[in-house]
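K.L.:
I'd like to go over a predicted model; first the sequence, then the structure.
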Amino acid sequence: MKGINTGLLCLVLAGAAWTDALDKKVRNWWLFMGAAGGIWCRGAEFFPGALVVLLAAFFLFRLRVMGAGDGKLMAVMAGYLGLDAGLEAIFFGMAVGAIWSLCRLRHSRSLKTYLIHLAVCFTQEFQTRKINECEGGVVKSPMGVIPLAPCMAAGTYLYLMITGAMAVWGKNL
């Protein structure tokens, strides 16, 4: 059953990443299929991890740090993998996104400008003691917003490969 669970999660992540990369939106039907598959595979164990991550993601969505579909996708990931493993996979996905973002900024030669703008925004927020919008929302890259679902998919695949390799090597030691 573990193989089916992982296979369904990988399929859902691939579909969500595809639609996010093409349409700049994670389609709800991918998320619904992912949640239904997660409940089918894990039963009631799906809900604790999914609900904790969904609540945290809602907070980040309200701060306009990420989209609603991205948060729901992370909740599906945590539901499939469990809270601890789900958070590790989300961390890997965020790391992939950060590396992608830094590479894009470096390639466009705008990293220095972006970091200065980010420092100005944080300074304004610290001085006013409230969250400012910094020109219409989250401080955005001059190259546009990076789709988060492909980052989450790549990070989860990386997490699954690393934990799988560690499990195999641990048995062989």
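P.N.:
Cool, got the structure.
K.L.:
please make it C-alpha for all contacts and neighbour counts, starting now.
P.N.:
Fine.
K.L.:
got the buried residues for the helix or strand of the chain with the lowest mean pLDDT?
P.N.:
Sorted by mean pLDDT, DSSP states H and E, the helices and strands of the chain end with helix 111-128, the least confident at a mean of 75. Residues of helix 111-128 classed as buried: 111, 114, 118, 121-122 (neighbour count, 16 or more other C-alpha atoms under 10 Å).
K.L.:
let's have those residues in a markdown table, adding distance to Trp169.
P.N.:
Shown next, in a markdown table, are the buried residues of helix 111-128 (distance: C-alpha to C-alpha, whole Å):
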| residue | distance to Trp169 |
| --- | --- |
| Leu111 | 40 |
| Tyr114 | 42 |
| Leu118 | 43 |
| Cys121 | 46 |
| Phe122 | 45 |
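K.L.:
find the nearest non-adjacent residue to Ala154, please.
P.N.:
Spatial nearest neighbour of Ala154, excluding adjacent residues (C-alpha to C-alpha, 6 or more residues apart in numbering): Gly93 at 6.3 Å.
K.L.:
most centrally placed residue in the protein?
P.N.:
Centroid check for the chain by C-alpha atoms, centre = their mean gives Met152 as the closest residue, at 4.2 Å.
K.L.:
so where is the protein shaky, pLDDT-wise?
P.N.:
Residues of the chain that meet the criterion pLDDT under 70 lie in 1-2, 129-144, 172-173.
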